[in-house]
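Asker: predicted model and sequence below, questions to follow.
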Number of protein chains: 2
Amino acid sequence: MTVSSGRRERKKAATRQKIADTALRLFLERGYEAVGIRDVAAEADVAVTTVFSHFASKEALVFEQDEDFEHRLTQAVTGRAPDEPLIPALRREIHAMVRHCAAESTAPTWQMIDASPALRQYEESMRLRHAESVATAIAAEFDLPQATTACRTIARFVVDAYSLARSAPDPAAAVDEVFRMIEAAWEVTPMHPRLRPS
Amino acid sequence: MTVSSGRRERKKAATRQKIADTALRLFLERGYEAVGIRDVAAEADVAVTTVFSHFASKEALVFEQDEDFEHRLTQAVTGRAPDEPLIPALRREIHAMVRHCAAESTAPTWQMIDASPALRQYEESMRLRHAESVATAIAAEFDLPQATTACRTIARFVVDAYSLARSAPDPAAAVDEVFRMIEAAWEVTPMHPRLRPS
DNA sequence: ACGGTAACACTAACGGTTAGGTTTTTGGAA
DNA sequence: TTCCAAAAACCTAACCGTTAGTGTTACCGT
């Protein structure tokens, strides 16, 4: 029933992937703004409406698999070692994300993103959505019924760290610098267990 | 020469204002997405191209005068009393801005903004631009040649405070809560004069 | 084999935005 | 006053992302 075992789903996934691959290739070849949705659809040999049935917008084509960064962040919160404090766990994950953006294979894509205001704006609002998820995960971690202002603030600061680091001359050092500040902010929070022994 | 006496500029400003007023009125009457640029232009009795020569986008019509929030923030940094510390000055200004959004007269506009994803996204990226200006102002205040990561981080946190407070149940309390965290972050920054006696 | 439904296609449009080129208004100089 | 250059506004026609409406095909469970 739910496991409607797979040719249909495989074909759907294949179509989606073909669209994403084609789009990214064209964007890198000719530049993001120089390529229209109609170009992508034609080159991928699908209808324009099919493109939009797989991706919510032109920008979403670029951030195809990056939507799972949200999952990695919430996972860093809920799935960390039992004794690992929250902030260092988040720092590790942000470090990994920043490193990934600078990696050989993905670097041209990120340069393209940095060069396009539309893409930068899309990424920022994507990160804001992610921050809300992180806030919820933090709240759950501390048995709060819902995300408090402190949760949401820490989450926001964490995605800020990513954003600030990416545009810094030394991204890794910037992550550490921002996280020193986040750690300090965290310590004046009701959630910080500074009064609880072990 | 530069003072090319004012009728031209006054007329231009008047046109701009008429467009902005008409747009806001229509948006509030019929809803933001239900009103097209062509409607605004017709009602303001100008051409569509004239609208776009005064405003960069449809969203910009709503944030007409809010561009000067940027000025108020940088002013809070550079124009504060000689002995007033940086963070409290910024907190005062954010408090004022949040209060302004909840004011009787502007409340419907802000409700409209909250109801429209396009407007919320536009506002967020506007605030990010503002954060960069604030970062530059902070850097100048500490005789830095350019904005460091710490400057940019504090600036980002400050605009986060605004954003988080606006969506909190008690905005004023939220500003204070977030600023307690910002203050803590500020104190672990190289710029904090904790080692300098008076 | 069959009926339902998910995926895809096609056409046509909508709405924000811009390019092109023209007309009107304005400020200042002859 | 008269005339000119520049600014402001206009008009038309499109471009491009996006969506609605309406089929058509391919797959899945029965």
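Answerer: Here it is on my side, so go on. Quick caveat: nothing in here was measured; it's all calculated off a predicted structure. Numbering: from 1, shown residues only, chains lettered A, B, ... in the order given.
Asker: switch to C-alpha atoms for all contacts and neighbour counts from now on
Answerer: Fine.
Asker: residue A:80 against residue A:91, yeah?
Answerer: No: using C-alpha atoms under 8 Å, residue A:80 is not in contact with residue A:91; the gap is 11.9 Å.
Asker: so for these two, which sits in the more crowded spot?
Answerer: Regarding residue A:80 and residue A:91, a neighbour count based on other C-alpha atoms under 10 Å in any protein chain shown identifies residue A:91 as having more, with 23 against 15.
Asker: as PDB, could you dump the C-alpha coordinates of the host helix or strand of the more buried one?
Answerer: Per DSSP states H and E, residue A:91 falls inside helix A:86-102. Taking Å, rounded to 0.1, in the frame of the first residue of the first chain, the C-alpha atoms of helix A:86-102 are listed here in PDB:
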ATOM      1  CA  LEU A  86      24.300  21.100  22.700                       C
ATOM      2  CA  ILE A  87      26.500  23.900  21.400                       C
ATOM      3  CA  PRO A  88      29.600  22.000  20.500                       C
ATOM      4  CA  ALA A  89      27.400  19.500  18.700                       C
ATOM      5  CA  LEU A  90      26.000  22.300  16.600                       C
ATOM      6  CA  ARG A  91      29.400  23.700  16.000                       C
ATOM      7  CA  ARG A  92      30.700  20.400  14.700                       C
ATOM      8  CA  GLU A  93      27.800  20.300  12.200                       C
ATOM      9  CA  ILE A  94      28.200  23.900  11.000                       C
ATOM     10  CA  HIS A  95      31.900  23.200  10.600                       C
ATOM     11  CA  ALA A  96      31.100  20.300   8.400                       C
ATOM     12  CA  MET A  97      28.500  22.200   6.300                       C
ATOM     13  CA  VAL A  98      31.000  25.100   5.800                       C
ATOM     14  CA  ARG A  99      33.700  22.700   4.800                       C
ATOM     15  CA  HIS A 100      31.300  21.100   2.300                       C
ATOM     16  CA  CYS A 101      30.600  24.300   0.600                       C
ATOM     17  CA  ALA A 102      34.300  24.900   0.000                       C
END
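Asker: tell me which other helices or strands that helix touches.
Answerer: helix A:69-78, helix A:107-115, helix A:149-166, helix A:171-187 (3 or more C-alpha pairs under 8 Å, 6 or more residues apart in numbering or on different chains; DSSP states H and E).
Asker: can you say which of these is packed in most?
Answerer: Greatest average neighbour count among these goes to helix A:149-166 (a mean of 23), per mean count of other C-alpha atoms under 10 Å in any protein chain shown.
Asker: and that helix, average pLDDT?
Answerer: Mean pLDDT, computed over helix A:149-166, is 98.
Asker: now swap in stretch A:8-23 and tell me
Answerer: Across stretch A:8-23, pLDDT averages out at 94.
Asker: next: stretch A:70-87.
Answerer: 95.
Asker: burial check on residue A:57, number of neighbours?
Answerer: With other C-alpha under 10 Å as criterion, residue A:57 counts 13.
Asker: that older thread, which other residues reach the helix holding residue A:91?
Answerer: Residues from elsewhere that reach helix A:86-102 (C-alpha atoms under 8 Å, 6 or more residues apart in numbering or on different chains): A:72-73, A:76-77, A:80, A:106-107, A:110, A:158, A:161-162, A:165-166, A:171-172, A:175-176, A:179, A:182-183, A:186.
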